[in-house]
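Participant: Got a predicted structure here, sequence first:
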Amino acid sequence: MNIIVLAYKFPPFKGVGARRITSLVKSLSHLGVSIDVITVDWGDVPVDIKSMKNVTLHIIPSNYLHKLHYLIDFKGSYFHRIFRLLYVRFFQLTFCWDDEASLWRHPLLKKVDSVIKNKNSQILLATGHPFQVNYLAALVKKKILI
């Protein structure tokens, strides 16, 4: 059995959602399940994640400045909070109709399609936040079933 996991936030991203899905992926891989994780580039992936047995990591681009957005989140100064507010509002109002993963749509759908064809995957697991990933998983499911 092969599972595709769509995880916009995956290590080295340090949020709770990334840790939660990483724990699930590790547990499933220890059970012998083959897993393809599709995520965006957050930087250097930790060695323990790269070397997980039965796990293939696909790092694809996002058309959103996700590193800048979340780098600013971790800064505490007043200037950074104002800059983040303006930056996020600008992108939400001009490019993102829902959340930043809406700009991940084209590279993600292309990659999922190739993984499904190459590995005959039957299970697709989507994680949110951002919740647009769940919508993109529904698009994949709809495309496969039609």
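Facilitator: It's in.
Participant: which residue packs closest to Lys9, ignoring adjacent ones?
Facilitator: Once flanking residues are discounted, Lys9 sits nearest to Ala18: 4.5 Å by C-beta to C-beta, 6 or more residues apart in numbering. No exception for glycine: its C-beta is placed from N, CA and C like everyone else's.
Participant: Run a quick neighbour tally on the one you found.
Facilitator: 20 (other C-beta atoms under 10 Å).
Participant: Tell me if it really is in a helix.
Facilitator: Yes - counting by DSSP: H, G, I helix; E, B strand; the rest coil, Ala18 is part of a helix.
Participant: Can you list the buried residues in the one helix or strand Leu136 maps to?
Facilitator: Taking DSSP states H and E as the criterion, Leu136 maps to helix 132-145. The neighbour-count check on helix 132-145 (16 or more other C-beta atoms under 10 Å) flags Gln132, Val133, Tyr135, Leu136, Ala137, Val140 as buried.
Participant: and of these, the nearest to Ser121?
Facilitator: Nearest to Ser121, judged by C-beta to C-beta, of the buried residues of helix 132-145 is Val140 at 10.1 Å.
Participant: so how far is Thr22 from that closest one?
Facilitator: 22 Å (C-beta to C-beta, to the nearest Å).
Participant: do the same with Pro107
Facilitator: Counting by C-beta to C-beta, the gap from Pro107 to Thr22 is 21 Å.
Participant: just Tyr135 next, same as before
Facilitator: 22 Å.
Participant: and the buried residues of helix 132-145 as CSV, adding distance to Asn54 and pLDDT?
Facilitator: Shown next, in CSV, are those (distance: C-beta to C-beta, whole Å; pLDDT from 0 to 100):
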residue, distance to Asn54, pLDDT
Gln132, 28, 87
Val133, 22, 90
Tyr135, 28, 90
Leu136, 24, 90
Ala137, 21, 92
Val140, 22, 90
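Participant: will you turn the residues you listed into JSON lines that also has distance to Leu124?
Facilitator: Output for the buried residues of helix 132-145, formatted as JSON lines (distance: C-beta to C-beta, whole Å):
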{"residue": "Gln132", "distance to Leu124": "15"}
{"residue": "Val133", "distance to Leu124": "11"}
{"residue": "Tyr135", "distance to Leu124": "13"}
{"residue": "Leu136", "distance to Leu124": "10"}
{"residue": "Ala137", "distance to Leu124": "5"}
{"residue": "Val140", "distance to Leu124": "6"}
